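> Sequence first, then the predicted structure:
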Amino acid sequence: MEKTGIVGYGAYVPKLRIKAETIADVWGQDAGRIINGLGITEKAVPNKDEDTTTIAVQIGKNALLRAGINPKDIGAVYVGSESHPYAVKPTSTIVAEALGVGTDYTAADTEFACKAGSAAIQMVMGLAGSKMIKFGLAIGADTAQGAPGDPLEYSAAAGGAGFIVGKDKKQFIATLNDTFSYSTDTPDFWRRPKADYPSHGGRFTGGPAYVRHVAGATNGLMDKTGTTVKDYDYVVFHMPNGKFPLAMAKKLDVPKEKLMPGFVVDKIGNTYSGCSLLGLAATLDCAKPGDKILVTSYGSGAGSDSFSITVNDLIDKKRNLAPTTEDYIKDKQYITYPTYAKYRGKIV
Amino acid sequence: MHKANVPMAWRRFKSKYNLVGTKCTKCNSSFYPPRLICPKCRREGKIEEFEFKGTGKIVSYTIIRSGPDGFEKQTPYPIAIVELDEGARVTGQIVDYEDSDLAIGKKVAPVFRKVYESGKEGIIHYGIKFKPEN
Amino acid sequence: MAERVAVIGVGLTKFGELWTKGIRDLAIEAGAKAMEDANMNSKDIDAMYVGNMSAGRFAGQEHLNALIADQTGLNIPSTRVEGACASGSLAVREGMFSILAGQHDIVLVGGAEKMSDVSTAQATTGLMGAADEEWEGFHGLTFPGLYALMAKKHMHDFGTTREQLAAPAIKNHHNAIMNPIAQFPFEITTEKVINATMVADPLTLLDCSPISDGAAAIILARESVARKYTDTPVFIGGTGLSTDALALHDRRTLTALDAAVRASKRAYEMAGVTAKDIQVAEVHDCFTIAEIMAVEDLGFFKKGEGGKATMDGETQIGGKISVNTSGGLKGAGHPVGATGIKQAAEIVMQLRGDIGKRQVSGAEIGLTHNVGGSGATAVVNIFKR
């Protein structure tokens, strides 16, 4: 198996935001308490004409801008999401058509709650590493759903990131050193067919779910690679809210500053399948050559994928070829709850 | 009623997902939507596929308050005629705008968006819209 | 041209929401009235031309040429003509040409549209069939939207004001009061137009012509035959037809309809007149901006001054040129296929001098301006006493 690396990456966050206090007002809740409790001040929501497909296309375009490769050299396209616009009919082929990938590629949509995107990265690592393809595109994107009045309504957000993975070291913006996964059958969060909104286990989503799996994969990766937290300059943990990743960092003795470059949840919310990938993209936006990054995703149901990544010299040349995550986070427009409800199909 | 059936929509994906038009290599005129015959050179013209960058400026705009079938729930939405940098003019919606962005002469860039759905159970139609460029 | 073609009879149904009448009822009523007006029997008719845009969409009925001939009790040559909202005037031309070609002596030209049987959204969507479906309709553009794009640009380029934009609607509603077939025979004010429900900025509901049912018919005859039926034949002195890009974005300009300019040049040339000679005109005011552009495109006023001229009263009855004495599409209604024929009937009655209260005194030369879609088809016909 050859070592693979990231040859291009792209992020996208919709322009619209709703403030936590706007939502709290509607339900008569204490905004201060919510913001403090969840660690989220506002979240990104899709415009009325945005869905996982349109978000994934923009991500793919940005990744191609940085990769500078011919889209026809992409041999695999995977889009991970829990809000694919079709129940049957792949998002990935629409994305590939819009990106001009041609016809000689394999594709599938993946679903594993919030880690469908990181699973897609592992899939293209395997295909590129085994020389079955030259480049693979893995995207995690979501327009996450939160039931009206549910705590999830404060966090379920839209956005994502994607990575073009190749096997030619000269093209690596960052090397994918290794990956490790930790999976169990843990129903902490789910959505049955035809249900509009997901259900969740409340506090059960913490200890036996998020904590166990993120720690399991992160420790497993460090064991496998013989590394410790000290070896990493930056760490990204999946961000279902602004509290869990900070608690995880504390538990694993990760200094908070290592988390901060990729810590986007407080400003845009949890972008589900896009979340940890967006954290990685934001980290790459400010990392220096030689920096090491540890990323651990989390998907309910449940599992975590952990990655060890080393940033290469190319980062300085590639970073500014497409908008950064921060560019998207800064470009925002606030909407009211009725507009939000209309756009998210809660009333029509 | 006007909603494209599946094959009608499918055969235009290439030109709808990106601004893929045509160009007459004899007189260098570019066309979007694609034309099969150059109106200037006619039989002497030579038509080739040509992809536009998609950046341009607003020639005129309006805000649709009463939408046709498939767009009823999208109102209000601005729609503009955009002159692309390469010369052709195209109709498209303006998205992610501030009110002050709706102005003749405003620079815009292309974005890939959902245009309409053929009902709850039909296919989703995607296409190019424009967002203001600062 | 060796011999001229005359209009010897006109017939109109009421325009509006005519719940008890279908398209065949309307067409027959208009045809019968035209024959009565011409003092003739249906046996005298040699051929028929039927203008209709969209009976297939609005009533599920195609094959109107045979249907209308059959319902008239005739088995004569009958042809349906379609050019969106200009279908009626196209039918007039075809009828005229068939006489000039020596094929027929007397031809009935009718136009009909039944639009109120479908919902407003369906009617709006159906009308968009006259625009470029794949590249305009696809994006959610509507007909008010298309004309709003022109209005916005006209205001931007020439300083046409919101008040000026309202002027044609106010004048046409006023004229409609004097027209017994009109859909909207009541006065409106600038304030009402401006404060009406916004449809497509800057156009409000009162800038738009309505969805209407109705039919109109005229009877054409070669000059030598015409005199047998009437002492007041009105002749078609000239006709012009031009086309342009179907999609507005493909046109040279948004502030003029080049097809209308070209069609009018041809018609003026053929009739041996100029814009200055026209005393009364029915123009295609599907939207207020359309009338402003029409009076410019036809050469009545300089480009950019149509709004001001209308507001100054230059196009009211008895003004510099009387425009849309019938109430136009805005005041009288716009049953699409019937509109071009109704325009012809209005001008014929004006030139005969028997139109009643809205008579333009001494009218001898009149014109119709009928537009298909957002300007892809334009027909200008000139009538003379």
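Good, I have the coordinates.
> Where do the helices of the chain begin and end?
Went with chain A since none was named. Secondary structure of chain A (DSSP state H): helices at A:20-27, A:31-38, A:52-67, A:91-99, A:116-129, A:212-225, A:244-251, A:256-259, A:265-268, A:275-284, A:315-318, A:325-330, A:337-343.
> other chain: chain B
B:6-10, B:13-17.
> Residue 119: neighbour count?
Chain wasn't specified; assuming chain A. Per other C-beta atoms under 10 Å in any protein chain shown, the neighbour tally for residue A:119 reads 22. No exception for glycine: its C-beta is placed from N, CA and C like everyone else's.
> Chain C is the one I meant
Number of residues near residue C:119 (other C-beta under 10 Å) recorded here: 12.
> distance of it from residue A:319?
According to C-beta to C-beta, to the nearest Å, residue C:119 stands 53 Å off from residue A:319.
> again with residue C:252
Counting by C-beta to C-beta, the gap from residue C:252 to residue A:319 is 45 Å.
> who's more crowded, the two?
Legend: neighbour count by other C-beta under 10 Å for residue C:252 and residue A:319, higher for residue A:319 (16 against 8).
> what's the first-to-last distance across stretch A:279-298?
Criterion C-alpha to C-alpha, to the nearest Å; first-to-last residue distance in stretch A:279-298 is 13 Å.
> With stretch B:64-83 instead?
Termini of stretch B:64-83 sit 20 Å apart (C-alpha to C-alpha).
> Need the pLDDT of the residue in the stretch 1-150 of chain C positioned nearest to chain B.
For the stretch 1-150 of chain C and chain B, the shortest gap (C-beta to the nearest C-beta) falls at residue C:148, measuring 3.6 Å. Reading off the confidence values, residue C:148 has pLDDT 98.
> Give me the neighbour count for it.
By the criterion of other C-beta under 10 Å, residue C:148 has 29 neighbours.
> so how far is residue C:199 from it?
For residue C:148, the distance to residue C:199 - C-beta to C-beta - is 8 Å.
> and chain B, which of its residues are near chain C?
Within chain B, the residues that sit near chain C (C-beta under 8 Å from any C-beta of the partner chain) are B:1-2, B:4, B:8, B:12, B:16, B:33, B:59-72, B:74, B:77, B:79-81, B:89-93, B:104, B:115-116, B:125, B:127, B:129.
> Give me the pLDDT for residue 115.
Reading this off chain A. pLDDT recorded at residue A:115 is 98.
> nope, chain C please
At residue C:115, the pLDDT value in this model is 96.
> dump the residue contacts of residue 97.
No chain was given, so I picked chain A. Shown in contact with residue A:97 (C-beta atoms under 8 Å, 6 or more residues apart in numbering or on different chains): B:13, B:14, B:17.
> Sorry, I should have been clearer: chain B.
Residues near residue B:97 by C-beta under 8 Å, 6+ apart: B:78, B:131, B:132.
> So which of those wins on neighbours?
When neighbours are taken as other C-beta under 10 Å, the top entry among the contacts of residue B:97 is residue B:78 (22 neighbours).
> Next, work out how far apart the residue lying closest to residue B:38 once chain neighbours are set aside and chain C are.
In this structure, residue B:38 finds its nearest non-sequential neighbour in residue B:45, 3.1 Å apart by C-beta to C-beta, 6 or more residues apart in numbering or on different chains. Counting by C-beta to the nearest C-beta, to the nearest Å, the separation of residue B:45 from chain C is 16 Å.
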